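> I'd like to go over a predicted model; first the sequence, then the structure.
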Amino acid sequence: MTTSLDRSSASAPEPRSDAGSRFPVDFLWGVATSAYQIEGAASEDGRTASIWDTFSRVPGAVHNGDNGDVACDHYHRMPEDVDLIAGLGVDSYRFSLSWPRIQPGGRGAVNQRGIAFYDRLVDRLLERDVLPWVTLYHWDLPQELEDAGGWPARDTAYRFADFAEIAMNRLGDRVRWWTTLNEPWCSAVLGYDTGRHAPGRQDFGDSMAAVHHLLLGHGLAAQRLRETAPEPIQVGITLNTTHALPATDADADRAAARRADGFGTRIYTDPLVLGSYPTDVVDELAARGVRLPVQHGDLSVIAQPLDFLGVNYYTTHYFSGSPEEDAEASAEGPAESSGEGSGEQAADGVALTRVVPQGYPVTAMDWEITPFGLTGMLTRLGADYPGVPLYVTENGAAFDDRPDQDGEVEDADRTAYFAEHIEAVAAARDAGADVRGYFAWSLMDNFEWGYGYDKRFGIVHVDYPTQKRTVKQSGRWFRDNIRRNRQG
């Protein structure tokens, strides 16, 4: 398809202190987490191992040998955490379900003790007037399903649909908002190509098979959710779409940015919305001897109507297709949540695609701070895929903040990050993008995947030895921003 990639380089909006007043009163404000990152209780009440329980025990796989056995102990502290969420004044809480907690091994009967936790969580949220927003899959595949082939195996998509039905049967009387997958790019590319995420495999062909089966799983799960829902529901998917720009106007750089966009965005959005894979991506895969395992009828299953598209945004990258001595050339993209995934080294016979830093300030993840890219991505998605409402389902930043001598966390850098990016959302809405909500990532400091507990994204500080929660300056600002928004 013809994309508006070249239109996505909108200039940065000027930050405004009253950004909240630029949104309608029904704009949805929320915070987000995921099960493995916060719950802990890894072997309690019938939960079995996920691929992250296994991967985190591989020497050198996770910083400092950290794991999610305890994490933020949310499993035991849930009522107090929901009270904390309500105190932030948010409309909604986006959380994920632990597949191995609800359905140990990924097959068979429901673990009643496990799913009862989510019963209590949903009830508590509703009691505090917070809308529950469920994500079915945030990377914690049951280890037994990985042993049977994982996402590169077609059967995993069908097992995922079964899991979706289990969740709907138990929670569908109270939950209206359902996300099938969170960032399938990370599951497929970081999990099966680069090995930087669980399960740590390194096979490009398997990675591309995982892309297709994740999307197939989304479509099958969306069908099953709608078939079994007792009430009208909203069903969507969350992507970490690539905001890829050419480093220069050179043809090679434009081609590199388009490749990054193809493998980071269009390989997901085109089949989801248009019912077909982008031709340029399919051609490049063929040149590498890889064929997506599409069977008859798959694309119509994948292209289920989307009630919304979740967009996770952290940074923008500029790409070059020209070689540079000692330059980093990346098949998976420079950041775990950046969404890029394009070419290999030129030595592999594939067009070179490398990231060119632009000198913007960076977060503790070394991700450049580029709020204008959020405006560009949202307006681009709105233009290329009209009619699909957009929600920013993750946006945030890691910084090396610590409590001061009074126990307060004055994270001015994170506060500024949120202010600038929320203003960028307002600019996208002004430009015509149908953006209806914004979720801060994340509610609290947590297990940050391969970085362990070394990186902190939370608007609430967690002292891991004591599990004490402290709302940071950014959390207080976010609360006040929501209040300004509600005042109109």
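All right, it came through fine. Numbers count the residues shown, from 1 in each chain.
> residue contacts, the residue lying closest to Ile115 once chain neighbours are set aside?
Spatial nearest neighbour of Ile115, excluding adjacent residues (CB to CB, 6 or more residues apart in numbering): Ile102 at 4.8 Å. All C-beta atoms are positioned from the backbone trio N, CA, C, and that covers glycine. Contacts for Ile102 were tallied using CB atoms under 8 Å, 6 or more residues apart in numbering; they are 110-111, 114-115, 118, 163, 166-167.
> Save those as a markdown table, and put in distance to Ala440, neighbour count and secondary structure too.
Shown next, in a markdown table, are those (distance: CB to CB, whole Å; neighbours: other CB atoms under 10 Å; DSSP: H, G, I helix; E, B strand; the rest coil):
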| residue | distance to Ala440 | neighbour count | secondary structure |
| --- | --- | --- | --- |
| Val110 | 32 | 17 | coil |
| Asn111 | 31 | 21 | coil |
| Gly114 | 27 | 23 | helix |
| Ile115 | 27 | 21 | helix |
| Tyr118 | 22 | 22 | helix |
| Phe163 | 27 | 24 | helix |
| Ile166 | 29 | 21 | helix |
| Ala167 | 24 | 25 | helix |
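> Looking at those, which is nearest Phe95?
The closest of the contacts of Ile102 to Phe95 turns out to be Tyr118 (CB to CB; 8.5 Å).
> can I assume the closest one is in contact with Ile166?
No - with contact defined as CB atoms under 8 Å, Tyr118 does not count as touching Ile166 (10.8 Å).
> tell me the pLDDT at the residue nearest to Ile115?
pLDDT for Ile102: 98.
> so who does Arg291 touch?
Contact analysis of Arg291 by CB under 8 Å, 6+ apart lists Leu285.
> hang on, it in a helix?
No - per DSSP: H, G, I helix; E, B strand; the rest coil, Arg291 lies outside any helix segment and is coil.
> Among the contacts of Ile102, which one lies nearest to Pro305?
Ala167 (19.7 Å).
> Next, the contact list for that closest one, please.
Contacts of Ala167 (CB under 8 Å, 6+ apart): 97, 102, 115, 118, 134, 136.
> In terms of helices and strands, where is the fifth one?
Taking DSSP states H and E as the definition, Val134 sits inside strand 131-137.
> packing partners for the first helix or strand past that strand going along the chain?
As assigned by DSSP H and E, the chain's next helix or strand after strand 131-137 is helix 143-147. Packing contacts for helix 143-147, counted by 3 or more CB pairs under 8 Å, 6 or more residues apart in numbering; DSSP states H and E, involve helix 51-55.
> Strand partners (parallel or antiparallel) of the strand holding Val134?
Here strand 131-137 is paired, per DSSP bridges, with strand 92-96 (parallel), strand 177-182 (parallel).
> can I get the ones you listed in CSV with mean pLDDT?
Below are the strands paired with strand 131-137 laid out as CSV (pLDDT from 0 to 100):
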stretch, mean pLDDT
strand 92-96, 99
strand 177-182, 99
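> rewinding a little: and the contacts of the strand holding Val134?
Residues from elsewhere that reach strand 131-137 (CB under 8 Å, 6+ apart): 28, 30, 34, 91-97, 99, 121-122, 125-126, 160, 163-164, 167, 171, 174-182, 187, 217, 221, 238, 439.
> Okay then, goodbye and thanks.
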